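Chemist: Sequence and predicted structure, then a few things I'm wondering about:
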Amino acid sequence: MTERPLDRPQPRSRWLFYGLILPAIVGVSLWQGWRWWAWASQPVLVTVPAAGDGEPPTVRIRIEPGTPAQQIGADLAAANLIRSATAWSLWVRWHHLQGMLTGEPARSFQAGTYELSPTQPLAAIAAQILAGKTVARRLTIPEGWSQQQMAAYFEAQGLFSAQAFLAATQQSWSDQYPWLPKGLPHLEGFLFPDTYEVPEAAVTPDQIVRMMLDHFEAVALPLYQQAQPPDLSLKDWVTLASIVEKEAVLPAERPLIAGVFMARLRRGQRLEADPTVEYGLGIQQTPDQPLTLAEVRTPSPYNTYLNEGLPPTPIASPGLASLEAVLAPQETDYLYFVARYDGSHVFSRTLAEHEAAHAKIRAEQEARQQSLP
């Protein structure tokens, strides 16, 4: 049997395949790929709300330290911030390739909490996370808080332990802040109360302390330096203001309360301020559980019922109003006051008047408690 030679492609067929069909396939594939990338790298929300329709929506997303890039992409896609986790992975590879081509090490994604918008394109979101542009956290320290309260607050916010913050307040900061009084055992009173914005990541107790001392230096210290009160050292000023801060509730009474304390100091009378007893014992009285006689008689360096003059340190962080009130106290012949438990106080000139007012308020409080169901 005679074998027939195999059919061989004709020159015209090869030209048709390599010259027309293959380039067409490659071209269509590239075009499809480009179209996909153009779609995948676009913002999830292409249309930004017009003016008056509110701000573009934002999403907070937290990236824990050590999270792989692929997982970050998956999280962003799940949060509807990017269109494709695959596109994210391709972008990451391109980012690393760029680093190899330029000889510069590619930056890594930074941990933290980010505020991102679905109106951002993929590249913009990646650039924000690479740069570590995290959202700032707002921390509010009310006037009258002690270091202990601040420490508990920072720990509750997940920043660091309460003990770490208290340890930072007991360090010597006089090299950086030479205006601080000598011999302070801690920074009670000098950590200025206010609302602060701090980065979400890598906040240390030292940074918080430095921020609050800077604020005291900028806001409070100039008041004292301008007034230069002859009979009050810087520590005395802050200490007395901290007691006024704890006693005063109504702003209108603040200068009068400062005036009563100043009058008692000038006469050599003990301040007899309940907040100093509470601070020394680490307790807080309430209308239903006022200080007992035993607690008032418990010795403590801070007990101004037993000790003359001011306590050894401030008992809280006074706000600007209390600091100003001590610099400009109201002149008065009142020497006593007692709280009504509605924020106001009854002021008296004599001990007899004071005890009568105290008895009347106590009777009213007991009557209210008995009337409760």
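Modeler: Yep, it's here. Residues are numbered from 1 along each chain as shown.
Chemist: On the three-state scheme, the most centrally placed residue in the chain is what?
Modeler: Nearest to the mean C-alpha position of the chain, counting by Cα atoms, centre = their mean, stands L139 at 2.0 Å. Assigned state for L139: strand (three-state reduction, DSSP: H, G, I helix; E, B strand; the rest coil).
Chemist: who are the neighbours in contact with it?
Modeler: The neighbourhood of L139, defined by Cβ atoms under 8 Å, 6 or more residues apart in numbering, consists of 153-154, 157, 195-198, 208. To be clear about C-beta, it is placed using only N, CA and C from the backbone, and glycine gets the same treatment.
Chemist: What's opposite it in the beta bridge?
Modeler: Beta-bridge pairing for L139 (DSSP bridges): Y196.
Chemist: quick revisit: can you pick out the most distant pair from the contacts of L139?
Modeler: Across the contacts of L139, no pair lies farther apart than Y153 and E197, at 15.5 Å, counting by Cβ to Cβ.
Chemist: And the two? Which one has more around it.
Modeler: Taking neighbours as other Cβ atoms under 10 Å, Y153 and E197 compare with Y153 leading, 17 against 10.
Chemist: How about the backbone phi and psi for that one?
Modeler: Dihedral pair for Y153: phi -70, psi -50, per degrees, to the nearest 10.
Chemist: What segments of the stretch 51-200 of the chain are strands?
Modeler: In the stretch 51-200 of the chain, the strands defined using DSSP state E, counting those that start in this stretch lie at 59-63, 112-116, 136-140, 195-199.
Chemist: can those go into a markdown table with extra columns for distance to L265 and mean pLDDT?
Modeler: Below are the strands of the stretch 51-200 of the chain laid out as a markdown table (distance: least, Cβ to Cβ, whole Å; pLDDT from 0 to 100):
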| stretch | distance to L265 | mean pLDDT |
| --- | --- | --- |
| strand 59-63 | 51 | 87 |
| strand 112-116 | 49 | 85 |
| strand 136-140 | 32 | 84 |
| strand 195-199 | 33 | 84 |
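Chemist: Could you identify which of those is most buried?
Modeler: For the strands of the stretch 51-200 of the chain, the largest average neighbour count (mean count of other Cβ atoms under 10 Å) is found in strand 112-116, namely a mean of 18.
Chemist: Distance to M262 added to the strands of the stretch 51-200 of the chain, as CSV?
Modeler: CSV is the format used below for the strands of the stretch 51-200 of the chain (distance: least, Cβ to Cβ, whole Å):
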stretch, distance to M262
strand 59-63, 49
strand 112-116, 47
strand 136-140, 30
strand 195-199, 30
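Chemist: quick one, which of those strands is nearest to W91?
Modeler: Closest approach to W91 among the strands of the stretch 51-200 of the chain (Cβ to Cβ): strand 112-116, 15.0 Å.
Chemist: on that earlier part again, of all the strands of the stretch 51-200 of the chain, which lies closest to I257?
Modeler: So among the strands of the stretch 51-200 of the chain, strand 136-140 is nearest, using Cβ to Cβ, at 24.4 Å.
Chemist: Restrict that closest one to CA atoms and write it as CSV.
Modeler: The C-alpha trace of strand 136-140 is given here as CSV (Å, rounded to 0.1, in the frame of the first residue of the first chain):
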residue,chain,number,x,y,z
ALA,A,136,-7.1,61.0,64.7
ARG,A,137,-8.8,59.9,67.9
ARG,A,138,-10.4,62.6,70.1
LEU,A,139,-9.7,62.3,73.8
THR,A,140,-11.7,64.5,76.2
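Chemist: tell me the angle that strand makes with strand 112-116.
Modeler: Here strand 136-140 points in a direction 110 degrees away from that of strand 112-116 (axes from the mean of the first three to the mean of the last three Cα atoms, to 10 degrees).
Chemist: Now do strand 136-140 against strand 195-199, angle only.
Modeler: Per the same axes, to 10 degrees, the angle that strand 136-140 makes with strand 195-199 is 150 degrees.
Chemist: pLDDT value on the closest residue to S344 other than its chain neighbours, please?
Modeler: Distances taken as Cβ to Cβ, 6 or more residues apart in numbering place L250 nearest to S344, at 5.9 Å, with adjacent residues excluded. pLDDT recorded at L250 is 96.
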